[in-house]
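Chemist: Sequence first, then the predicted structure:
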Amino acid sequence: MSTPPSLAIRVEHLSRSFGPVRALEDVSFDITAGEVTALLGENGAGKSTLLKILAGLQPPSEGGVTVFGDTVTAFEPSTMLGRHGVAIVPQELALLPDRSVAENILSGIEPGGRAFPSRRQMRARAVALLAELKLDIDPDASVRGLDLATQQLVVVARSIARNCRVLILDEPTSVLTPAESERLFELMGRLKAQGTTLIYVSHRMPEVFQLADRIEVLRDGRHVGSWRRDEVTPEQAVAAMVGRELDRFSSRAEQRAGTPRSAATPALRVADLSGPRHESVTFNVAPGEIVGVAGLPDSGRVEMLQNVFGAIRSRGGTVELGGAAYTARTPIASVEHRLGYVPGERRAQGLLTTMTVAENIGVLTVKALTRVGLVRRGEFTGRARELATRLRVKTASSDTPIVNLSGGNQQKAMIARWISIDPRALLLDEPTRGVDVGAKAEIYEQLFALAETGVGILCSSSDLPELLTITDRIVVMAQGRVVDVVDTRTATEESIMTAATGAVDHTSAA
Ligand SMILES: Nc1ncnc2c1ncn2[C@@H]1O[C@H](COP(=O)(O)OP(=O)(O)OP(=O)(O)O)[C@@H](O)[C@H]1O
């Protein structure tokens, strides 16, 4: 059978089960060569499972895949790349940290069947490739010292060096700033111009509608929508993802118009706080207030949050919770003081990877639910289940290992964990990274409900529309210092970015 020249990949009746979970159910669609295809779906819809099958990281349970007319018979990475030209940029980048950029791009490649005769030739080839891709990256730099965005570009270059014709990117922008995302989009544009087929997953609608030629939607493992970009609106695509029209989410400013700021003792007071990459940081969070922290990734906002929580060593300054000084700060003491912290790096900092969903959510309540050395198991699981339902954590059961959950659902479980301690103040870093549009609104509602009960919330995020939607005020940091504190009702993305990128003056905080 001859294949139309424009067909890159045909997926036919693809299914994949994990025990009782049907991650993919009879999925069939085509991917056109030389186009950008965006794959959309809620958390747990099956996107990563489909991408992993296409990259040969796992086989389907049923069904088949054809790449440029050639039927795939072995779902393994070396075959998918070597024979079919399909490569993936996964969420967890697997580079060799102590090797140079050039080595990472080219090691393991044998031009003409032979290893590179010398390091010099390998380096020269890497330089040529980086120039061809217009990537301004030092070929001799050690990968360990590169930021995540640059590491991602190195993985793309490595795939291109291996003659990949189809490049898959799994949520590539979830860890990037807007400027870094633009750099990636420019590279994607250049690859497309050279004829590379691109498939990518994103939860960010504006970006999908900027980049994609086609949009494919999965829901509960089924393929439920397929459009050219100009045939569909973002609202229609979201409705296909969630199976209903989403109500427009009204921002905090709209919901609280006219509500005066609480004059009560602050839930959290931070004064003159200094530590790694931050200096003399001062601000308050009133009970029931949601304060955002904006700033570039190197602004020190992440370290500042860790300092407040007691996860890193402080170099001075004070923290007060409900008017009482909180001095010897450690993560354990913070739990006892009912100060919560949802970290941005869930894999490294939060997830208990050998434990179940219920254990991950309930781990901080074990002590409270233990009597004479015995955990009240029923109550423990019951509470965890209730929180899992409240945050719409999609899981086969509460006994499922947490690692079996999709990324977005793991994040929802991490937030549920901290809500379980009934916090007095809650710190969050990138709370909705990797979370789908429907679940985002659920998380925002939970934060609003928490604030309603008097909890002071401090939320650091690189997602400016998020900060403008959920906060009352925004602390803007640059180069480790607070450079502005703005009322969200009058702030814009531009005004925040201007402060975050330009100013170096230390404005005294409210
Ligand atoms: N190794 C596994 N074992 C058991 N279940 C799994 C495994 N991998 C995925 N699943 C399940 O398959 C379903 C689809 O997961 P997948 O990771 O493909 O979702 P996704 O659409 O990529 O979600 P997200 O946007 O949250 O990353 C989920 O219900 C998930 O819990």
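Modeler: Received, thanks. Numbers count the residues shown, from 1 in each chain.
Chemist: Residue numbers of this protein in contact with the ligand?
Modeler: Residues of the chain lying near the ligand by Cβ under 6 Å from any ligand atom: 18, 21, 23, 41, 43-49, 394, 404-409, 436. For every residue, glycine as well, the C-beta is placed using N, CA and C.
Chemist: Quick check: beta-bridge partners of Leu218?
Modeler: Note on Leu218: beta-bridge partners His223, judged by DSSP bridges.
Chemist: does it really touch Ser48, like I thought?
Modeler: No - counting by Cβ atoms under 8 Å, Leu218 sits too far from Ser48 to count as a contact (10.4 Å).
Chemist: quick one on the thing from earlier: drop anything exposed from the residues of the chain next to the ligand.
Modeler: 21, 23, 41, 43-49, 394, 404-409, 436 (16 or more other Cβ atoms under 10 Å).
Chemist: Which of those residues fall within strands?
Modeler: Judged by DSSP state E, the subset of those located in strands is 21, 23.
Chemist: Strands along the stretch 51-200 of the chain, start to end?
Modeler: For the stretch 51-200 of the chain, the strands defined by DSSP state E, counting those that start in this stretch cover 62-67, 70-71, 86-89, 166-170, 197-201.
Chemist: quick check, distance from the second one to the centre of its chain.
Modeler: By that I understand strand 70-71. Averaging C-alpha positions (Cα atoms, centre = their mean, to the nearest Å) puts strand 70-71 34 Å from its chain's average.
Chemist: how does the chain divide up, domain by domain?
Modeler: By the record's domain assignment, the chain is partitioned as 7-242, 248-338+423-510, 353-419 (automatic domain parsing).
Chemist: Quick check, pLDDT for the closest residue in space to Glu359 that isn't next to it in sequence.
Modeler: By the measure of Cβ to Cβ, 6 or more residues apart in numbering, the closest residue to Glu359 outside its immediate chain neighbours is Leu352, 6.6 Å from it. Note for Leu352: predicted pLDDT of 86.
Chemist: The one 3 residues further on too?
Modeler: In this model, Met355 is scored at 91, pLDDT.
Chemist: you'd agree it is up against Gly362?
Modeler: No - counting by Cβ under 8 Å, Met355 stays clear of Gly362, with 9.6 Å between them.
Chemist: Compare the two (neighbour count), which wins?
Modeler: The neighbour count for Met355 versus Gly362, taken as other Cβ atoms under 10 Å, is higher for Gly362 (27 against 15).
Chemist: What residues are bridge-paired with Leu428?
Modeler: Beta-bridge pairing for Leu428 (DSSP bridges): Val342, Cys459.
Chemist: what sits against it?
Modeler: Applying Cβ atoms under 8 Å, 6 or more residues apart in numbering to Leu428 gives the contacts 341-342, 415, 447, 457-461.
Chemist: from those, which single one is nearest the ligand?
Modeler: Ile415 (13.7 Å; Cβ to the nearest ligand atom).
Chemist: Which of the helices or strands spans that closest one?
Modeler: Assigned by DSSP states H and E, Ile415 falls within helix 407-419.
Chemist: Can you check what angle separates that helix from strand 166-170?
Modeler: 10 degrees (axes from the mean of the first three to the mean of the last three Cα atoms, to 10 degrees).
Chemist: Can you mark which positions in helix 407-419 are buried?
Modeler: By neighbour count on 16+ other Cβ under 10 Å, the buried set for helix 407-419 is 407-419.
Chemist: avg pLDDT for that helix?
Modeler: Here the average pLDDT along helix 407-419 is 90.
Chemist: So Thr354 versus Val363, what's the distance?
Modeler: 12 Å (Cβ to Cβ, to the nearest Å).
Chemist: residues touching the nearest residue to Arg489 once chain neighbours are set aside, list them.
Modeler: Nearest residue to Arg489 in three dimensions, chain neighbours excluded: Ala253, at 4.7 Å (Cβ to Cβ, 6+ apart). Each residue near Ala253 by Cβ under 8 Å, 6+ apart is listed here: 472, 488-489.
Chemist: Need the pLDDT of Ala253.
Modeler: pLDDT, Ala253: 79.
Chemist: Now for it, which secondary structure element holds it?
Modeler: For Ala253, the host element (DSSP H and E) is helix 252-255.
Chemist: Direction included, what does the next helix or strand after that helix pair against?
Modeler: Counting by DSSP H and E, the next helix or strand C-terminal to helix 252-255 is strand 268-275. Paired strands of strand 268-275, with direction, are strand 278-285 (antiparallel), strand 316-321 (antiparallel) (DSSP bridges).
Chemist: Check those strands for me and report the most buried one.
Modeler: strand 278-285 (a mean of 22; mean count of other Cβ atoms under 10 Å).
Chemist: Contacts for that one next, please.
Modeler: Outside strand 278-285, the residues that touch it by Cβ under 8 Å, 6+ apart are 266-274, 291, 300-301, 303-304, 307, 317, 425, 456-458, 475, 477, 480-482, 485, 506, 508-510.
Chemist: buried subset of the contacts of Ala253?
Modeler: Buried among those by 16+ other Cβ under 10 Å: 472, 488.
Chemist: Report all helices and strands that the helix holding Ile415 contacts.
Modeler: strand 339-342, helix 346-349, helix 357-362, helix 377-390, strand 425-429, helix 437-452 (3 or more Cβ pairs under 8 Å, 6 or more residues apart in numbering; DSSP states H and E).
Chemist: can you rerun that using 6 Å?
Modeler: strand 339-342, helix 346-349, helix 357-362 (3 or more Cβ pairs under 6 Å, 6 or more residues apart in numbering; DSSP states H and E).
Chemist: tally of neighbours for the closest residue to Asp436 other than its chain neighbours?
Modeler: Once flanking residues are discounted, Asp436 sits nearest to Glu42: 4.4 Å by Cβ to Cβ, 6+ apart. Applying other Cβ under 10 Å, we find 26 residues neighbouring Glu42.
Chemist: Okay, now the unreliable bits of the stretch 251-400 of the chain?
Modeler: 346-349, 366-377 (pLDDT under 70).
Chemist: Please list all residues in contact with the closest residue to Arg315 other than its chain neighbours.
Modeler: Distances taken as Cβ to Cβ, 6+ apart place Ser274 nearest to Arg315, at 4.3 Å, with adjacent residues excluded. Counting by Cβ atoms under 6 Å, 6 or more residues apart in numbering, Ser274 makes contact with 280, 315-317.
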